[in-house]
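Peer 1: coords below, sequence missing:
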């Protein structure tokens, strides 16, 4: 299971989307990264869909996203790898 986490401007809580396949979450990550790089289209909307519940959507304005990270959830270490970067070896 892979998670994609978005940090939004003025929001203390991130938005998170999970996908079973790496390629699926990588595609969403690349789409968001491209939207962040596109300075000419600051009003672009990004729609995220839930895999489990078909009628569940969320739409975010690309200029409100300040960071995006992707990580693999692991069932071994109590649920998930620590998001971000860690100095643990």
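Peer 2: Noted; the coordinates are in hand. This is a predicted model, so every value here is computed, not measured.
Peer 1: just checking, residue 5 touches residue 13?
Peer 2: No - between residue 5 and residue 13 there is no contact under C-beta atoms under 8 Å: 10.3 Å. In short, each C-beta sits where N, CA and C put it, glycine included.
Peer 1: check contacts around residue 35.
Peer 2: 41, 44, 46, 62, 65 (C-beta atoms under 8 Å, 6 or more residues apart in numbering).
Peer 1: of the residues you listed, keep whichever come out buried.
Peer 2: Among the contacts of residue 35, the ones that count as buried by 16 or more other C-beta atoms under 10 Å are 46, 62, 65.
Peer 1: out of these, who's nearest residue 23?
Peer 2: Closest approach to residue 23 among those (C-beta to C-beta): residue 46, at 18.2 Å.
Peer 1: what separates the closest one from residue 15, distance-wise?
Peer 2: Note on residue 46: its distance to residue 15, by C-beta to C-beta, to the nearest Å, is 10 Å.
Peer 1: again, but for residue 68
Peer 2: Taken as C-beta to C-beta, the span from residue 68 to residue 15 is 10 Å.
Peer 1: neighbour count winner among those two?
Peer 2: Between residue 68 and residue 15, residue 68 has the larger neighbour count (other C-beta atoms under 10 Å), namely 20 against 15.
Peer 1: wait, a helix at that one?
Peer 2: No - using DSSP: H, G, I helix; E, B strand; the rest coil, the secondary structure at residue 68 is strand, not a helix.
Peer 1: so what's the closest residue to it other than its chain neighbours up against?
Peer 2: In space, and not counting its chain neighbours, residue 68 is closest to residue 32: 4.9 Å by C-beta to C-beta, 6 or more residues apart in numbering. For residue 32, the contacting residues are 4, 6, 46, 62, 65, 68, by C-beta under 8 Å, 6+ apart.
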